[in-house]
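Chemist: fold the stuff below for me.
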Amino acid sequence: MARRTLSIPYEVKNAIKNHLKEHCEIALEGYESANEEEDTLTGDLGATLRIRNQKVEVKEAQAGNQGTWNWSINYHKFRGRGQMPRKIYWVQMVSLS
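Modeler: I've put the predicted structure just below:
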């Protein structure tokens, strides 16, 4: 099965960009208090960037992309300290008609 390319509308990209810009500045403030501990820094970054479902109404976009778009940023830490702890960040976007 061939993959379908999904074009993310400008309004959605702009909403995500604005969130990241604002919250990355907040995350920089946390650097001074935790700059010696990598796990603390990445945990603070994940918590600062995390946001629940955000709705963006897209009215004028390429065919098939109009409607309400939902996006969110979530953070999950896999395993604890020690051998190869992992943190995963993801942005979830779903187009709803």
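Chemist: how about residues contacting the lengthiest helix in the chain?
Modeler: If you go by DSSP state H, the chain has its longest helix at helix 10-34. Applying Cβ atoms under 8 Å, 6 or more residues apart in numbering, the contact partners of helix 10-34 are 40-41, 44-45, 48-49, 51, 54, 56-58, 61, 69, 71, 73, 91, 93. (C-beta placed from N, C-alpha, C; glycine too.)
Chemist: for these, which ChimeraX command selects only the ones that are buried?
Modeler: To isolate the buried ones among the contacts of helix 10-34 in ChimeraX, judged by 16 or more other Cβ atoms under 10 Å, type:
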select :41,44,45,48,49,56,58,61,69,71,73
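Chemist: now do the strands in the protein.
Modeler: For the chain, the strands defined by DSSP state E occupy 51-58, 67-78, 86-96.
Chemist: could you identify which of those has the lowest mean pLDDT?
Modeler: Of all these, mean pLDDT reaches its minimum on strand 86-96 (a mean of 52).
Chemist: quick check: pLDDT value at the closest residue to Val58 other than its chain neighbours.
Modeler: What sits nearest to Val58 in space, not counting adjacent residues and going by Cβ to Cβ, 6 or more residues apart in numbering, is Pro9, at 4.4 Å. Listed pLDDT for Pro9 reads 87.
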